[in-house]
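>>> what follows is a protein structure lacking sequence information:
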């Protein structure tokens, strides 16, 4: 099989886990492939993914081989694969725009971004790199709240004629105008806001659907999350949280029998706890009524390493995007978006989204 050539915007914890994962699974056999939803998608294995372009704005990463940059501060995720081979792909200076939160200047550099003094890339620079590298898909790993920066890179992907996977909550795939533009350009898009493999939102969704299927009336619920990585530090600026809060809330609301009133549902990152590093702790409470109107409640505490929890899902998204490219399919990939993302253009239950994605992989539906 040919390699799946990807570009990455944002060489943070999530990119680190992704590249470690590609290396980790390269020499594995399917029987040993613990932690993946799919070992093989259309003939492509995890090790068939190759990074050919990378962009960041942190001076500790720009100019370094991407295989080294993924271990630079402020990255703090678990190192589960030390042997990431050199890629001979240097991290290039990107565009900051609103991807550099100003409040980061108030924190120690081991926790926060440090803006490079290298000249920022132009739109033409980014497009030329993507074209010359042979990248087929661009992954977005920018910080939450980077509305202008995400749109800038989405425009670059369109101009370069390559697929786009939007792993964070700026609404591109779920915006009809953007979806139309990707369809007209003939390149696929998957988005928005990656679901973790087993994170707080997917657990909350499944439990909400379970309440509905078992006839339990859900009356109120919350999900509170804390973590110590740059994602949580970034979100201390509450003005950057609007799209994230909407994405997580709507992901759960979509599974209710009847929408909850705003005052009865609260889903949001809650605080940054530096010593947690990339560990994320989620607290979920659900209150409802059973047979005879008898009250019940459920409380759950989930602790996960945040970035590896999404990497396997992204590996599947990359391979589904590649299948679409091979099939000449442009525009929104509805089934993979519904299965892999919190805020897709169309919401389904996770069981339904799984079935639709399996059909897409097998070529039974064009999507």
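Sure, I can see it. Note that the structure is a prediction, hence the values are computed from the model and not measured.
>>> which residues touch residue 194?
By CB atoms under 8 Å, 6 or more residues apart in numbering, the contact list for residue 194 reads 167-168, 310, 313-314, 317, 340-342. Backbone N, C-alpha and C define where each C-beta goes, glycine included.
>>> specify the beta-bridge partners of it.
residue 341 (DSSP bridges).
>>> what's the pLDDT at it?
At residue 194, the model reports a pLDDT of 98.
>>> about what we covered before: filter the contacts of residue 194 to the buried ones?
Among the contacts of residue 194, those buried by neighbour count (16 or more other CB atoms under 10 Å) are 167-168, 310, 313-314, 317, 340-342.
>>> redo the residues you listed as CSV? Include distance to residue 147 and pLDDT.
Shown next, in CSV, are those (distance: CB to CB, whole Å; pLDDT from 0 to 100):
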residue, distance to residue 147, pLDDT
167, 15, 98
168, 11, 97
310, 21, 97
313, 23, 98
314, 21, 98
317, 22, 98
340, 22, 98
341, 17, 98
342, 17, 98
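>>> would JSON lines of the contacts of residue 194 with distance to residue 192 be doable?
Shown next, in JSON lines, are the contacts of residue 194 (distance: CB to CB, whole Å):
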{"residue": "167", "distance to residue 192": "8"}
{"residue": "168", "distance to residue 192": "7"}
{"residue": "310", "distance to residue 192": "13"}
{"residue": "313", "distance to residue 192": "13"}
{"residue": "314", "distance to residue 192": "13"}
{"residue": "317", "distance to residue 192": "12"}
{"residue": "340", "distance to residue 192": "10"}
{"residue": "341", "distance to residue 192": "6"}
{"residue": "342", "distance to residue 192": "7"}
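>>> considering the residues you listed, which is situated nearest to residue 94?
When those are compared for distance to residue 94 (CB to CB), residue 168 wins out at 14.9 Å.
>>> quick one, what contacts that closest one?
140-144, 146, 150, 192-194.
>>> and for residue 141?
Residue 141 touches 8-12, 14-15, 167-168, counting by CB under 8 Å, 6+ apart.
>>> among the contacts of residue 168, which are in strands?
residue 140 (DSSP state E).
>>> which member of the contacts of residue 168 is positioned nearest residue 224?
For the contacts of residue 168, the nearest to residue 224 is residue 144 (16.3 Å; CB to CB).
>>> and the closest one, what does it touch?
Residue 144 touches 168-169, 231, 234-235, 240-241, 243-244, counting by CB under 8 Å, 6+ apart.
>>> make it 7 Å
By CB atoms under 7 Å, 6 or more residues apart in numbering, the contact set of residue 144 is 168-169, 231, 234-235, 240-241, 244.
>>> in helices only, show me those residues.
231, 234, 244 (DSSP state H).
>>> closest to residue 26 among those?
Nearest member of the ones in helices among the contacts of residue 144 to residue 26, counting by CB to CB, is residue 231, at 27.0 Å.
>>> looking at the ones in helices among the contacts of residue 144, state which has the most neighbours.
Using other CB atoms under 10 Å as the neighbour test, those are led by residue 234, with 26 neighbours.
>>> for the residue lying closest to that one once chain neighbours are set aside, the count of nearby residues, please.
Of all residues not flanking residue 234 in the chain, residue 143 sits nearest, at 4.5 Å (CB to CB, 6 or more residues apart in numbering). Using other CB under 10 Å, residue 143 is surrounded by 23 other residues.
>>> I'd say residue 143 and residue 99 touch.
Yes: assessed by CB atoms under 7 Å, residue 143 is found in contact with residue 99 at 5.9 Å.
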